[in-house]
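Asker: no sequence on hand, only this structure:
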C-alpha cells in the first residue's frame, strides 16, 4: 500500500508492469502501461481522464501566474482545457513557496490528493491499478529530487551564468 508522497517507492514502475502483464487483459495492461502524470498525453483512460484535465488546468494556472510575474503573455504556453475549480488556489500556494523544491513537493501532495479523490471506492479493479501507477510515478519522481545532485546542478548553472556575465563566484562556502 502507498501511504503518501513522502515514502520511497516499494517497487519500480517496471516491476509493477511486469507483474500486471501476467494477470491483466491486454486492453487493461495497455491502459496501465500508458498511464502517466504528463498532462499532454491524450491516450488516458479511466480515472486518468479527469486527472489529465485537472493537471492541465493546474498547469495552465501556473503558466498564467509565471507569465504575469514576468510581465509576458501566457498564450503560447496554455493548453486547451476547462478551468477546474481549485486549481487556481493550488497554483497560488505553489507560487508562494520559498523554493522550487518546496513548490514541487506541495504540487505533488496535491496531485496525490487528487488521485485519492478520483480513485475513492476503487479497491479491486483497473482504476485502483491506474491510481497506484500514478502515485508510483510521483514517488519515483521524488527519487530524482536528491538535494546533493540538485545543488551541484544549481552551482554549475550559476557558474555558467556568472561566466557569461564575466563575474567571479566567491569561494569558501561562506555567504556574503
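Answerer: Received it, and whenever you're ready, just let me know what you need. Given the structure is predicted, the values throughout are model-derived calculations rather than measurements. Numbering: from 1, shown residues only.
Asker: which ones are touching residue 60?
Answerer: Neighbouring residues of residue 60 by CB atoms under 8 Å, 6 or more residues apart in numbering: 74, 78, 79, 81, 83, 87. Heads up, the C-betas are built off the backbone N, CA and C, glycines and all.
Asker: check which helix or strand the residue nearest to the second one when sequence neighbours are not counted maps to.
Answerer: With CB to CB, 6 or more residues apart in numbering as the measure, residue 60 is the residue that lies nearest to residue 78, at 5.1 Å, once sequence neighbours are left out. For residue 60, the enclosing helix or strand under DSSP states H and E is helix 48-70.
Asker: top of the contacts of residue 60 by neighbour count?
Answerer: The most crowded member of these, judged by other CB atoms under 10 Å, is residue 87 (23 neighbours).
Asker: measure that one to residue 70 for me?
Answerer: 20 Å (CB to CB, to the nearest Å).
Asker: next: residue 115.
Answerer: 31 Å.
Asker: compare these two (neighbour count), which wins?
Answerer: Taking other CB under 10 Å, residue 115 and residue 70 do not tie; residue 115 has more neighbours (25 against 9).
Asker: now do the helix holding residue 60: distance to the chain's middle.
Answerer: Averaging C-alpha positions (CA atoms, centre = their mean, to the nearest Å) puts helix 48-70 12 Å from its chain's average.
Asker: inside helices: which ones of the contacts of residue 60?
Answerer: Among these, the residues falling in helices (DSSP state H) are residue 87.
Asker: OK, contacts around the residue nearest the centre of the chain?
Answerer: The residue lying closest to the centre of the chain (CA atoms, centre = their mean) is residue 108, at 5.7 Å. Shown in contact with residue 108 (CB under 8 Å, 6+ apart): 5, 138, 141, 142.
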